[in-house]
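Novice: Dropping the sequence and predicted coords here.
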Amino acid sequence: GAVVSQHPSWVICKSGTSVKIECRSLDFQATTMFWYRQFPKQSLMLMATSNEGSKATYEQGVEKDKFLINHASLTLSTLTVTSAHPEDSSFYICSARVVADSPLHFGNGTRLTVT
Amino acid sequence: GENVEQHPSTLSVQEGDSAVIKCTYSDSASNYFPWYKQELGKRPQLIIDIRSNVGEKKDQRIAVTLNKTAKHFSLHITETQPEDSAVYFCAASGSGGGADGLTFGKGTHLIIQP
């Protein structure tokens, strides 16, 4: 089946630093990938839609200058959390579809802790 | 935009009994409704999905029903087992096509009592 790989699986960083999270589709090409954030015991909230070769589309309330998304190839999207603060600590998870009208497959997620 | 409500937030059932989780959605244009199972600290796993041209779909012990008129859909798990314990999320999207992310419900923590 389709595999979406995410790296790193966990990261601890100091407040004010930036963290990059990678999302790769391993056995298929994805022109679109989705980034979600999940706080403890809460649901997954869509942050942005990553589009290969063009700008990402951000959901209302998500700061595009803080959460930088780059989708430079058909198999890789990156999310950079800039100037991280403790309130950015969360579980970040990406997802992608093999083809249109097919189910979303999720990466294994990245647990970010900002100290 | 789409709004998905999910109930109950916690459901405890005896092993072997059935469990039902219900969701409602607001956008009548939504036509794809997946259910995901998420174990603690892990990625959501798709367990079943249904499209709006179908009223019911079954896969072994798991079934999903959809009522388009009422804009609600439900997950049914029969003969529950301890390994069914997890958080279950329903979701909805416009077309299931490449441009649509999913809107998730708040989740149901299913507890299977031995």
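Specialist: Happy to help now that I have it.
Novice: Only C-alpha atoms from now on, for both contacts and neighbour counts.
Specialist: Will do.
Novice: Can you tell me what sits against stretch A:46-58?
Specialist: With CA atoms under 8 Å, 6 or more residues apart in numbering or on different chains as the test, stretch A:46-58 has contacts from A:30-37, A:59, A:62, A:64, A:69-74, A:77, B:99, B:101-103.
Novice: are any of those buried, and which?
Specialist: Buried residues within the contacts of stretch A:46-58, counting neighbours by 16 or more other CA atoms under 10 Å in any protein chain shown: A:30-37, A:64, A:69-71, A:74, A:77, B:99, B:101-103.
Novice: Mind checking which of these land in strands?
Specialist: Mapping the buried ones among the contacts of stretch A:46-58 onto strands (DSSP state E) picks out A:Thr32, A:Met33, A:Phe34, A:Trp35, A:Tyr36, A:Arg37, A:Ile69, A:Asn70, A:His71, A:Ser77, B:Thr103.
Novice: Report the separation between the second one and chain B.
Specialist: Distance, A:Met33 to chain B, by CA to the nearest CA, to the nearest Å: 8 Å.
Novice: For chain A, what lies in contact range of chain B?
Specialist: Selection of chain A residues close to chain B by CA under 8 Å from any CA of the partner chain yields A:31-32, A:34, A:42-46, A:49, A:93, A:97, A:99-109.
Novice: For ChimeraX, write the select line for the buried members of these.
Specialist: With 16+ other CA under 10 Å as the burial test, the buried ones among the residues of chain A next to chain B are selected in ChimeraX as follows:
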select /A:31,32,34,43,44,45,46,49,93,97,99,100,103,104,105,106,107,108,109
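Novice: Just the buried residues of stretch B:71-82, please?
Specialist: For stretch B:71-82, the neighbour count (16+ other CA under 10 Å) marks B:His72, B:Phe73, B:Ser74, B:Leu75, B:His76, B:Ile77, B:Thr80, B:Gln81 as buried.
Novice: The third one against B:Leu66, yeah?
Specialist: Yes - counting by CA atoms under 8 Å, B:Ser74 touches B:Leu66, with 6.7 Å between them.
Novice: which residues of chain A score low on pLDDT?
Specialist: By pLDDT under 70, the low-scoring segments of chain A are A:1, A:100-101.
Novice: show me what contacts the residue positioned nearest the centre of it?
Specialist: For chain A, the residue sitting closest to the mean C-alpha position, by CA atoms, centre = their mean, is A:Trp35 at 3.7 Å. By CA under 8 Å, 6+ apart, the contact set of A:Trp35 is A:Leu46, A:Met47, A:Ala48, A:Thr49, A:Ser50, A:Leu79, A:Tyr92, A:Ile93, A:Cys94, A:Ser95.
Novice: Strands - which of those residues land there?
Specialist: When these are checked against strands using DSSP E, the ones located there are A:Leu46, A:Met47, A:Ala48, A:Thr49, A:Ser50, A:Leu79, A:Tyr92, A:Ile93, A:Cys94, A:Ser95.
Novice: in the sheet, who's paired with the fourth one?
Specialist: So the one you mean is A:Thr49. Beta-bridge partners recorded for A:Thr49 (DSSP bridges): A:Phe34, A:Thr57.
Novice: Distance-wise, check it relative to A:Val99.
Specialist: In this view, A:Thr49 and A:Val99 are 16 Å apart by CA to CA, to the nearest Å.
Novice: Can you list the low-confidence ranges for chain B?
Specialist: Scanning chain B with the threshold set as pLDDT under 70 gives B:94-100.
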